[in-house]
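Visitor: how would this look folded up:
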Amino acid sequence: MECVNTWYGDIDKSLFSRFSEIKLLVLDVDGVFSDGRIYLGNDGEELKAFHTRDGFGMKALKKSGVETAVITGRTSRIVEHRMEHLDVGHIYQGQNDKTAAFNELLKKLGLSTEQVAYVGDDTPDLALIKAAGLGIAVQDAHASVQQQADYITRCHGGYGAVREVCDLIMLSQGQLHLATGASV
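Guide: Next comes the predicted model:
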């Protein structure tokens, strides 16, 4: 097996070449951008933690010309605010059927499934893990999701998994030099 050596370890060359075809990165939020935990205050206030490395990766990926989107089953002003801050182009919240949002997004952007990478962590993500040209599970994803994924990140959800995927896409496309600027 011929491999490409990356910061995240050796990756099979044929799998690595699939990263180079990506024009759109679609991600789940809870368990991917965050560690999946939801903090609730006494007054019902909801809090989530996001990693600045993931934000940096998303901004750099956007700068490299790859579109970004999130499709999540939950609805949260925190997510809307964070994704707007990261200049995520397409935000779909409250999606009980993530496939419908995914298909709408492909149609809107005129892309084929082969041009899309999807990152998820749990069973609601399985349909998109299978549908995307590159299905990715975070390191701590549910076992059923890992079994179906083309690639499993070395980093856990909420702890740099998004940055890892962004880096690999940019590296495969010869755009990693665009990963400059400040943390976000």
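Visitor: in the chain, which helix or strand is least confident?
Guide: strand 46-47 (a mean of 90; mean pLDDT, DSSP states H and E).
Visitor: That one pairs with which strands?
Guide: Strand pairing for strand 46-47, using DSSP bridges, gives strand 39-40 (antiparallel).
Visitor: Need the residues that contact the strand it pairs with.
Guide: 46-49 (C-beta atoms under 8 Å, 6 or more residues apart in numbering). Where C-beta positions appear, they are placed from N, C-alpha and C, glycine not excepted.
Visitor: picking up where we left off before, tell me which residues of the helix or strand just after the least confident helix or strand of the chain are tucked away?
Guide: Per DSSP states H and E, the first helix or strand lying C-terminal to strand 46-47 is helix 52-63. Residues of helix 52-63 classed as buried by neighbour count (16 or more other C-beta atoms under 10 Å): 53-62.
Visitor: Give me the buried entries from the contacts of strand 39-40.
Guide: residue 48.
Visitor: now, among the contacts of strand 39-40, which is nearest to residue 128?
Guide: Nearest to residue 128 among those: residue 48, at 20.9 Å, using C-beta to C-beta.
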